[in-house]
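[1] Quick one: sequence plus predicted model below, questions after.
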Amino acid sequence: MKRPSEHFAIDWDQVSAEVTALLQDLIRIDTTNPPGNEILAAQLIAERLEAEGLEPRISESAPGRGNVTTRLKGGANDPLLLLGHTDVVAVEPESWTHPPFSGALVDDCVWGRGALDMKNMVAAELIVLFLLKRHNVRLNRDVLYAATADEEAGKGDHGPGWLLDHDPDQIDAPVILTEGGGHDLTFEGKRFYTCQVGQKGICRLRLTMRGRPGHGSVPHADNAVTLLCAALSPLATTDLPLHPSQGLRSFLGGLAEGQADSISKDLMAVLEPATSDAALERLPIDDKTRLSLRSLLRNSVSVTRLEAGSKINVIPSEATAWIDGRLAPGQTQDGFLTELRALIGDRVEIDVDQYSPPLEASADAPMFRCIEQVMSIVDPGVPVIPSVSTGGTDAKHIVPRRPDTQVYGFMPYRQTPGLEEENLIHGHDERTPVSELLFATRVLFDVVCRYGGIED
Ligand SMILES: [Zn+2]
């Protein structure tokens, strides 16, 4: 079997230079959110699209905030959307080896904020579009492209959410490729690629405990502060019940294949309430991964803020805690609140400040299989396994409004020994090897071609 990209006379050295320069240009535009200023990135992308004979559509969702979209026409099948966000998180420039908005090309890496999250994919997806156009690739479906604002901060209302309200056709596709998975990982000497199918939901809560006010010199038991602390304390020692999602089951099942019996058994035992904790402890994984799995297995809560009182000698009548709650795929807000109540008791008032549901796409679906097929040629013997994220992507705006949409996180790259890309995302010295930028561009081109009907 051939890679679809082998059917076309493409100069990959030239593509490498082009995608590298494009990523450098995007990094040099400071789109730190807040304030964002993504309109500048949208304008740059629009210029490049125009130069290729594609029709960009820029929409300014708020002053300085903006999205750019375009459509490459194809056959009558359902369109595919290539989606990426152009905003980035803040930097501490003094901690960087090379300035974070320099786009420096050093040690065969492009350095700068957004090099991994996710101007790399924004650039790669754009070049994929150019290659389709330049080589006159006839696909059986339209390919939509959207580089959007406002993923990294707050509620993200200026990006895909805005487009859904004001220009929904621009991102109307039942299948979306965006960030989240795609990189390789090694477990017990065996390599895998991930494709993110699921993400946890968000349910942010305000908990209020009311008590009896009084003078600090006369203690009493109806103290809102100590009552709140007592209500919260079970959260330190007790996890919410296990609810492994289908995606997580498939992830662990995928990892288990071909492993030693004891490892396979432990991976499966993680999914059972009676054996989960002990099996997690036994698995040969680092603590960070252990904590992520623990979170993915269930609805989770982190107490992140507390507020009570204003004077040292006054017992306040009210104490408040904020909780960052996250829902496992398949779980509901009501179910989560019931679980939480069982731990914190009835006396605390609960208000939901923010909610977005957990999401899960199917791994038993054409896009997932298409990615598997492509990767089986690109890197034979390295399986693609579904993955689930504790965090969210822009899918959270789209899927609740269009429940049939299948969003896959697939930005393919091979992790470079010593670089630890996962730790560079949102960290200092974010950078991507040029080799992996090209790898991503070509693999994404393969995937889009195959999904668009280019077979052997
Ligand atoms: Zn991102």
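    Yep, that arrived.
[2] Over in the stretch 351-456 of the chain, which residue gets nearest the ion? Let me know.
    Scanning the stretch 351-456 of the chain for proximity to the ion using CB to the ion identifies residue 393 as nearest, at 6.6 Å. For glycine as for every other residue, the C-beta is placed from the backbone atoms N, C-alpha and C.
[3] Now that residue: phi and psi?
    Main-chain torsions, residue 393, degrees, to the nearest 10: phi -120, psi -180.
[4] tell me the contacts of it?
    The neighbourhood of residue 393, defined by CB atoms under 8 Å, 6 or more residues apart in numbering, consists of 151, 178-180, 196, 199, 407, 409.
[5] Restrict these to those that also contact the ion, please.
    Intersecting the contacts of residue 393 with the contacts of the ion gives residue 179 (criterion: CB under 5 Å from the ion).
[6] Residue 200 versus the residue of the stretch 351-456 of the chain closest to the ion, what's the distance?
    Distance of residue 393 to residue 200, given as CB to CB, to the nearest Å: 11 Å.
[7] host element of residue 205?
    Applying DSSP states H and E as the criterion places residue 205 in strand 201-210.
[8] State the mean pLDDT of that strand.
    For strand 201-210, the per-residue pLDDT values average out at 98.
[9] List the contacts of whatever helix or strand comes next after it.
    Next in sequence after strand 201-210, counting helices and strands by DSSP H and E, comes strand 214-215. Strand 214-215 is touched from outside by 220, 223, 313-315, with contacts defined as CB under 8 Å, 6+ apart.
[10] check contacts around residue 312.
    Residues in contact with residue 312 (CB under 8 Å, 6+ apart) are residue 216.
[11] pretty sure it belongs to a strand, no?
    No: using DSSP: H, G, I helix; E, B strand; the rest coil, the assignment for residue 312 is coil, not a strand.
[12] from here on, count from 284
    Yep, numbering from 284; the last one is residue 595 now.
[13] Show the low-confidence segments of this protein, by residue range.
    Low-confidence regions of the chain, defined by pLDDT under 70, span residues 437, 739.
[14] Regarding it, what is its longest helix?
    Identified as the longest helix of the chain according to DSSP state H is helix 717-734.
[15] tell me what that one is packed against?
    Contact analysis of helix 717-734 by 3 or more CB pairs under 8 Å, 6 or more residues apart in numbering; DSSP states H and E lists helix 295-310, strand 360-368, strand 392-394, helix 402-417, strand 458-461, helix 649-661 as its packing neighbours.
[16] I'd like the ones you listed as CSV, with mean neighbour count appended.
    Output for the helices and strands packed on helix 717-734, formatted as CSV (neighbours: other CB atoms under 10 Å):
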stretch, mean neighbour count
helix 295-310, 19
strand 360-368, 22
strand 392-394, 25
helix 402-417, 25
strand 458-461, 26
helix 649-661, 19
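[17] for the ones you listed, which one sits closest to residue 338?
    Of all the helices and strands packed on helix 717-734, it is helix 402-417 that lies closest to residue 338, at 11.2 Å by CB to CB.
[18] need the residues of the chain near the ion, please.
    Along the chain, the residues adjacent to the ion under the rule CB under 5 Å from the ion are 400-401, 462.
[19] Quick one, which of those residues are buried?
    For the residues of the chain next to the ion, burial is judged from neighbour counts taken by 16 or more other CB atoms under 10 Å, and it is met by 400-401, 462.
[20] ok but residue 478 is inside a strand, no?
    Yes: applying three-state DSSP, one finds residue 478 inside a strand.
[21] how much space between it and residue 651?
    As it turns out, when the distance is counted by CB to CB, residue 478 lies 6 Å from residue 651.
[22] shared neighbours, the two?
    Common neighbours of residue 478 and residue 651, counting by CB under 8 Å, 6+ apart, are 667, 669, 691.
[23] May I see the helices and strands packed on helix 717-734 organised as TSV, with distance to residue 580 added?
    As requested, the helices and strands packed on helix 717-734 are exported to TSV (distance: least, CB to CB, whole Å):
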stretch	distance to residue 580
helix 295-310	36
strand 360-368	28
strand 392-394	35
helix 402-417	28
strand 458-461	24
helix 649-661	22
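[24] Any figure for the gap between residue 414 and residue 718?
    Using CB to CB, one obtains 18 Å as the distance from residue 414 to residue 718.
[25] now swap in residue 606 and tell me
    On the measure of CB to CB, residue 606 and residue 718 end up 43 Å apart.
[26] Looking at these two, which one has more neighbours?
    Neighbour totals were compared for residue 606 and residue 718, and residue 606 leads with 22 against 14 (other CB atoms under 10 Å).
[27] Give me the spatial nearest neighbour of that one, chain neighbours excluded.
    The shortest distance from residue 606 to any residue that is not its chain neighbour, by CB to CB, 6 or more residues apart in numbering, is 4.4 Å, and that residue is residue 488.
[28] I'd guessed the one you found sits against residue 609; true?
    No: shown here, residue 488 and residue 609 do not form a contact pair, counting by CB atoms under 8 Å, at 11.2 Å.
[29] more neighbours, the two?
    Residue environment comparison for residue 488 versus residue 609 gives the larger neighbour count to residue 609, 24 against 21, counting by other CB under 10 Å.
[30] ok now do the closest residue to that one other than its chain neighbours, which residues does it touch?
    Spatial nearest neighbour of residue 609, chain neighbours left out: residue 483 (4.3 Å); criterion: CB to CB, 6+ apart. Residue 483 makes contacts with 578-579, 583, 609-612, 641, 671-675, as judged by CB under 8 Å, 6+ apart.
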